[in-house]
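In: Dropping the sequence and predicted coords here.
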Amino acid sequence: MRVVAGRFRGRRLEAPEGRDIRPTSDRVREAIFDILAHRLFQGRFAGAAALDVFAGTGAMGIEALSRGTSRASFLDSDAGAVRLIERNLRHVGALDDALVLRRDATRPGPAPQPHDLVLFDPPYRSGLGPTALTALAQERWLAPGALIVLELASGEVSVPPAGFSEVDRRKYGGTTVAFWRWGAAQPASRISSVSS
């Protein structure tokens, strides 16, 4: 597993053995960040704060830092995942730009700051996505107009909770990626489905 683009491009990230953590594949990560860079988050990486929830390896938040966000916060409830994220951040030289917290995303506590980009990869078919997003919004983890990238199993149904609106949806093999916006309803773009 490698950082796809940006200042840490090509750096290897440690991935765990076994199936407890399911990292986003390099191909899906590249597709997500291409959509962000060229369409949904265009020109907004510089100075933005990213939040990687159910962070696992930290690959999504590290990719955001590599692409130019000024800060990234990482939330995971597993102590082993927190240690792995810290090792990966140390390896790419980004530990000083990050905050790694062992937290249950459904009970995150007050936010240290609001975040503009939320990278969200709950366990597939767990139903935790909407519950955690509502909790994060209530605790002010989300900046007004924040963009949420939610990874789901293909065929998994997930409806934006109150206060969120869907702006795009893509399919990549066994993964569906939904793009939601927090705050005032945004005009919906064309909903897309890309299969591979």
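Out: Happy to help now that I have it.

In: Name the helix or strand for the most centrally placed residue in the chain, please.
Out: Compute the mean C-alpha point of the chain, and by CA atoms, centre = their mean the closest residue is Leu119, 1.1 Å away. Element membership of Leu119 [criterion: DSSP states H and E] is strand 115-120.

In: Okay, now the sheet partners of that strand, with direction.
Out: Sheet pairing of strand 115-120 (DSSP bridges) gives strand 49-53 (parallel), strand 142-153 (parallel).

In: show me the residues around the closest residue to Asp76 other than its chain neighbours that make contact.
Out: Leaving aside its chain neighbours, Asp76 sits nearest to Ala55 (4.6 Å; criterion: CB to CB, 6 or more residues apart in numbering). For the C-beta atoms, the positions are set from N, CA and C on the backbone; glycine is no exception. Contacts were defined as CB atoms under 8 Å, 6 or more residues apart in numbering; by that measure Ala55 touches Gly61, Phe74, Leu75, Asp76, Ala81, Ile85, Val100, Asp121.

In: among those residues, which two are most distant?
Out: In the contacts of Ala55, two members sit farther apart than any others by CB to CB. They are Val100 and Asp121, at 15.7 Å.

In: if I've got this straight, Ala135 is in a helix?
Out: Yes. Secondary structure of Ala135, determined by DSSP: H, G, I helix; E, B strand; the rest coil: located in a helix.

In: Correct me if wrong: it contacts Gly109.
Out: No. Because the distance of 9.4 Å does not satisfy CB atoms under 8 Å, Ala135 is recorded as not touching Gly109.

In: all strands in the chain, in order from the N-terminus.
Out: Counting by DSSP state E, one finds strands in the chain at the ranges 49-53, 71-76, 98-102, 115-120, 142-153, 164-172, 175-182.
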